[in-house]
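In: for reference, the sequence and a predicted model appear below.
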Amino acid sequence: MTVDPVPGRRPRLVRLALVVVAMAAAARPLTAPGAPALGDATRAKMVCYTLGHAQDIYGQMAVHLRLNGIVPPAGRRGGV
C-alpha cells in the first residue's frame, strides 16, 4: 500500500489526466461514415454537428406543433 504524501491531491490529478485524455480524443480526426458532407472531422466537430442537428429538428417540430394549435412541451413549463 502506498501512502499519498498530499491527501486529496491524487484524485484531482486523476481527473485532470482524464480531461487531458478526453480532449486529445476529441481532437483526433476521423472519417464520418454516413455524413460525407462533413468529410474528415474531429470527434468534437461530430458532437457539435449532432447537437445542432437535434436542435434544428426540435425547432421544426415546435413550429409544426404551433401551426396546428398545440403548445410544444418546452413551452408548457416556461421554456427549456
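Out: That came through fine. Numbering: from 1, shown residues only.
In: what about the residue nearest to Thr31 when sequence neighbours are not counted, how many neighbours?
Out: The shortest distance from Thr31 to any non-neighbouring residue, by Cβ to Cβ, 6 or more residues apart in numbering, is to Asp40 (5.8 Å). For glycine as for every other residue, the C-beta is placed from the backbone atoms N, C-alpha and C. For Asp40, the neighbour count with other Cβ atoms under 10 Å is 9.
In: Asp40 touches Met46, doesn't it?
Out: No - contact criterion Cβ atoms under 8 Å: Asp40 and Met46 do not qualify, at 10.8 Å.
In: got the residue ranges for the helices in this structure?
Out: Counting by DSSP state H, the chain has helices at residues 9-27, 43-67, 73-76.
In: ok, now which ones touch Pro29?
Out: Counting by Cβ atoms under 8 Å, 6 or more residues apart in numbering, Pro29 touches 40-42.
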